[in-house]
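K.L.:
Structure of the sequence below:
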Amino acid sequence: MPRQEWTGKEERQYEHIRDEAKERGTKPARAKEIAARTVNKQRAQAGKTRTASRTSTEDTSAYRRGGKRSHTGPKGRTKAQLYEEARRKNVQGRSKMNKAELERALQRK
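P.N.:
Numbering: from 1, shown residues only. Prediction:
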């Protein structure tokens, strides 16, 4: 999955993240996805990409977060991530909702 535009360091990071995920028991395809998303997000935060989502550039980096938000449990996604999903699904009144309300609204849609 390493890309042509990735540097040698980014390719090594990808391989390290992929291998660590596999060691934790993650399926190989999911491990590759996790690694690629992590490296691409870091590239976006560093300004190395032409386009980047708001959540990629404004969210906490993977290294600072340290797996605190692995999309498991009730605190899985940030309010910004929930809001973006609500926007994509055209949830009415989303701008006035707090995180818990966004989660409930998305469960209904």
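K.L.:
for this structure, what helix or strand is lowest in average pLDDT?
P.N.:
Ranking every helix and strand in the chain by mean pLDDT, DSSP states H and E puts helix 62-65 at the bottom, with a mean of 68.
K.L.:
Give me the helices and strands touching the helix or strand just after it, please.
P.N.:
Tracing the chain past helix 62-65, the next element assigned as helix or strand by DSSP states H and E is helix 79-88. Helices and strands touching helix 79-88, by 3 or more Cβ pairs under 8 Å, 6 or more residues apart in numbering; DSSP states H and E, are helix 54-58, helix 99-108. Quick note: C-beta positions are derived from backbone N, CA and C, even for glycine.
K.L.:
rerun that using 6 Å as the cut-off
P.N.:
helix 99-108 (3 or more Cβ pairs under 6 Å, 6 or more residues apart in numbering; DSSP states H and E).
K.L.:
neighbours around residue 50, how many?
P.N.:
By other Cβ atoms under 10 Å, 5 other residues sit near residue 50.
K.L.:
For it, grab phi and psi.
P.N.:
phi -70, psi -40 (degrees, to the nearest 10).
K.L.:
how far does stretch 51-58 sit from the chain's center?
P.N.:
10 Å (Cα atoms, centre = their mean, to the nearest Å).
K.L.:
buried set for the helix of greatest length in the chain?
P.N.:
Ordering each helix of the chain by length in residues (DSSP state H) puts helix 28-45 first. Within helix 28-45, the residues scored as buried using 16 or more other Cβ atoms under 10 Å are 31-32, 34-36, 38-45.
K.L.:
Can you name every helix or strand that it contacts?
P.N.:
Against helix 28-45 (3+ Cβ pairs under 6 Å, 6+ apart) you get helix 8-23, helix 54-58.
K.L.:
can we see that at 7 Å?
P.N.:
In terms of contacts (3 or more Cβ pairs under 7 Å, 6 or more residues apart in numbering; DSSP states H and E), helix 28-45 is packed against helix 8-23, helix 54-58, helix 62-65.
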